[in-house]
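> Got a predicted structure here, sequence first:
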Amino acid sequence: MLFTKTVDKVQNVTFLPALPLDARMFLPQIEAFYGEANLLALTYPGFGRSPLKESLKLEDYAALVLESWNKLGIAQSDIVGVSMGAQLALWIAYHHPERVRRLVLSSTHALPSVPEEKAMFTEIAQAARAQGSATLVDQLLGMLLSSETRQNTPEVTALVRRLILDAHGEGMASAFLALAERSDPTPWIQTISHPVCLIYGEYDQAVPPAHIEALQTNLKQAELTMLPSGHYPNLETKEAYNEKVRRFLFS
């Protein structure tokens, strides 16, 4: 958990990371927005060398977010989520709408898990459980970062590599299986009425365009920005991403 508290600020912003990373993926945002709000970046069990828990479902990860808020006395928060973090943000916004103010969502799915996707997530989970995160690092770097990022920003590639290696294989397995077995959000996603900022990468190989279209269509107050990045726009195009988030959350 990364937490910065400025006692004269009433606005809370919670950052929920993508797989298979942890709270440190939001260091560029913590640095950019430090002092503008109370900032909380969370790490899931089994990532970033955090303690493991028994196998968790998507709603269990969301419950851990709410538990952290309750412990810190956070009644309501903006949520900035990437990939799985955005899945959790949507789940919380629907089930606990009073706890959420606004949403910044990136790189996430908005449709049911199809057999091919479920098989991919299950395969990653099985490999992580059997051999650890190191066996998957090169595969994941190739899938999740754009080729331009891998070629031109070695510091981003090195950070993502380090965060993947710090993930426990069992923690990765639990999280990827939770995504594989997620329930169909289409019956309820259109009921979310919070203001939403969608930021997606043009070169994201992990999320088909149909998911972006579904979010833009079904969310009542959603605005979409496409950036020249892969699955992690907050790292790969941090200046443009930060500018968009700043205008949406702090203007």
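Received the coordinates, thanks. Numbering: from 1, shown residues only.
> what ranges do the helices span in this protein?
27-33, 58-72, 84-95, 115-131, 137-144, 147-152, 154-165, 169-180, 186-189, 209-218, 233-236, 238-250 (DSSP state H).
> any idea how far the third one is from the chain center?
Which is helix 84-95. 10 Å (CA atoms, centre = their mean, to the nearest Å).
> which residues touch that helix?
15-19, 44, 58-59, 61-62, 65-66, 79-81, 99-100, 103, 105-110, 175, 178-179, 182, 185, 188-189, 191-192, 194 (CB atoms under 8 Å, 6 or more residues apart in numbering). For glycine as for every other residue, the C-beta is placed from the backbone atoms N, C-alpha and C.
> how close does M143 get to M120?
M143 sits 9 Å away from M120, going by CB to CB, to the nearest Å.
> name the helices or strands packed onto the helix or strand bottoming out on mean pLDDT in the chain?
When each helix and strand of the chain is scored by mean pLDDT, DSSP states H and E, strand 2-4 comes last, with a mean of 72. Applying 3 or more CB pairs under 8 Å, 6 or more residues apart in numbering; DSSP states H and E, one finds that strand 2-4 contacts helix 27-33, strand 38-41.
> can I get the ones you listed in TSV with mean pLDDT, mean neighbour count and distance to N70?
As requested, the helices and strands packed on strand 2-4 are exported to TSV (pLDDT from 0 to 100; neighbours: other CB atoms under 10 Å; distance: least, CB to CB, whole Å):
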stretch	mean pLDDT	mean neighbour count	distance to N70
helix 27-33	96	17	22
strand 38-41	96	22	12
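> who touches the nearest residue to V137 once chain neighbours are set aside in this structure?
Nearest residue to V137, sequence neighbours excluded (CB to CB, 6 or more residues apart in numbering): I164, at 4.9 Å. Taking CB under 8 Å, 6+ apart as the criterion, I164 is in contact with P20, L21, S133, L136, V137, L140, L141.
> re earlier: tell me the most buried of the helices of the chain?
Per residue and on average, the most neighbours among the helices of the chain fall to helix 233-236, with a mean of 27 (mean count of other CB atoms under 10 Å).
> Would you mind checking the average pLDDT for that helix?
Across helix 233-236, the average pLDDT comes to 98.
> do stretch 192-201 as well
Stretch 192-201 comes out at a mean pLDDT of 96.
> end-to-end on it?
One end of stretch 192-201 sits 23 Å from the other (CA to CA, to the nearest Å).
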